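K.L.:
Give me the fold of what follows.
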Amino acid sequence: MTRQLSTVEVVGAGPAGLTAAITAARAGARVIVYERAQQVGMRFHGDFQGLENWTTADDVLDEIAGLGVETTFPYAPFYRQICFAPDGSEHVCASPAPFYYLVRRGPGEGTLDRALRAQAEALGVEIRFGQVVAQPPTGSIVGRGPRRGDAVAVGWLFETDMPDGAWVALGNKVAPGGYAYLLVSGGLGTLSVCLFSRFREARDFLARAVELFTRRAGLCMRGQRPFGGAGNLSLPQTAAVDGTLTAGEAAGFQDPLWGFGIRNAMISGHLAARALLGGAGEDYDAAWRRRIAPTMRAAAVMRYFYARLSDSGYSWLLGWLGRHRDPRAGLREIYRPCWWKSALFPLFGRRVLPAPLA
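P.N.:
Got it, this is the predicted structure:
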């Protein structure tokens, strides 16, 4: 049962916070969002990010629509990517359904952030920019981004004449324990290295990625601008403390294997709002443990082993995906919860997911 709350307060105007705000506003609540920046999306610079579309058989856009969020933001489906292995081999991974949908992040027009803001405000949500909330109000939802850097990404944003495409490179020379990627859509590009360790060497790895993509993919950049970001990985004992519900990266709900975060952010924001509207904030823990935690535990176990791969292991993995009848289904198998991943999580997965911040 949904109760009528006079006011729902949300801290943070990212995907988690705005999805929570949209959910609450659709239920008839008055919603106030506090955002410390002067605009949505200020952590980002127009870079491409992926709405991953392989951890479930259902399409992620349908899942987002099921949360009550209209998919009015620009997106580009990618069905194919070229993967470069450390042994020099090239593997083309193509699927009948999109691997992911590219969205742009940032304060500008045409970004996911601006679209979510417009949707929330159209429902009557009040966003108070420039509001720093040191102590979130009791009964509020907190979705204000990562609280530490367990993973980092550094890269370049640029204009280009390259055709649309997606390229990925693995290997201990270019991104040990992580990956490098090149995404091009509509004359704009994002090149990045995503790392889960050795952060001080990030710029060196980025330079190697630039050289590799120039040589193998014909990389051509104009007007390039640097960017960087960090992610918080954690699986908290509880995301409901003293009636305050934490969602998205603030709770650590980010993919521990390869760092995708938008999907979990939006799901957790929706679940937090539904629990609050239902009058039992403690129900939020049961909801995210059922919908988010199993996949995160499985991904954490796989990250433990992925981080220890040799170059021959990376080459085998890309070869296996390239030979798979549907690489998207192969990726889903990697993330799929099962008995042996559950058994190994206390031994290995907990080493990957740091203890939550107090």
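K.L.:
My read is that residue 115 contacts residue 73, right?
P.N.:
Yes. The pair residue 115 / residue 73 is scored as a contact, 3.5 Å apart, by C-beta atoms under 8 Å. Any C-beta I mention is one placed from the backbone N, CA and C, and that applies to glycine too.
K.L.:
Would you map out the domains in this protein?
P.N.:
Structural domains assigned to the chain are 7-46+55-74+106-148+232-295, 151-231, following automatic domain parsing.
K.L.:
Deepest-packed of these, please.
P.N.:
When those are scored by mean count of other C-beta atoms under 10 Å, the highest mean neighbour count falls to domain 7-46+55-74+106-148+232-295 (a mean of 21).
K.L.:
what does stretch 126-140 rub up against?
P.N.:
Stretch 126-140 has contacts (C-beta atoms under 8 Å, 6 or more residues apart in numbering) with 8-11, 13, 30-40, 117, 120-121, 142, 242-245, 276, 281.
K.L.:
Over to it now: how far is its first residue from its last?
P.N.:
With C-alpha to C-alpha, to the nearest Å as the measure, stretch 126-140 spans 15 Å from end to end.
K.L.:
Residue 162 versus the residue minimising distance to the centre of the chain, what's the distance?
P.N.:
The chain has residue 261 as the residue nearest its centroid, 1.7 Å off, counting by C-alpha atoms, centre = their mean. Residue 261 is 26 Å from residue 162, where distance means C-beta to C-beta, to the nearest Å.
K.L.:
swap in residue 232?
P.N.:
Per C-beta to C-beta, residue 232 is found 33 Å from residue 162.
K.L.:
again with residue 190
P.N.:
12 Å.
K.L.:
and what of residue 149?
P.N.:
Distance from residue 149 to residue 162, counting by C-beta to C-beta: 30 Å.
K.L.:
Run through the helices of the stretch 51-200 of the chain in chain order.
P.N.:
In the stretch 51-200 of the chain, helices defined by DSSP state H, counting those that start in this stretch lie at 60-66, 112-122, listed in chain order.
K.L.:
any idea which element residue 205 lies in?
P.N.:
Under the criterion of DSSP states H and E, residue 205 resides in helix 202-217.
K.L.:
could you say what helices and strands whatever helix or strand comes next after that helix packs with?
P.N.:
With elements assigned by DSSP H and E, the helix or strand that comes after helix 202-217 is strand 222-231. Where contact means 3 or more C-beta pairs under 8 Å, 6 or more residues apart in numbering; DSSP states H and E, strand 222-231 is packed against strand 151-159.
K.L.:
on that earlier part again, so the residue nearest to the centre of the chain touches residue 255, yeah?
P.N.:
Yes. Applying C-beta under 8 Å as the test, residue 261 and residue 255 come out as touching, 6.5 Å apart.
K.L.:
Could you name every residue contacting both of the two?
P.N.:
With C-beta under 8 Å, 6+ apart as the test, residue 261 and residue 255 reach no residue in common.
K.L.:
So, low pLDDT: which residues of the stretch 51-200 of the chain?
P.N.:
Within the stretch 51-200 of the chain, no stretch has pLDDT under 70.
K.L.:
rerun at 80
P.N.:
Along the stretch 51-200 of the chain, segments meeting pLDDT under 80 span 145-148.
K.L.:
Likewise for the stretch 251-358 of the chain?
P.N.:
279-282, 354-358.
K.L.:
those helices in it, which residues are they?
P.N.:
Secondary structure of the stretch 251-358 of the chain, counting by DSSP H, counting those that start in this stretch: helices at 262-277, 283-291, 293-306, 311-323, 327-335, 339-344, 350-352.
K.L.:
Please identify the nearest residue in space to residue 36, excluding sequence neighbours.
P.N.:
Spatial nearest neighbour of residue 36, excluding adjacent residues (C-beta to C-beta, 6 or more residues apart in numbering): residue 132 at 4.8 Å.
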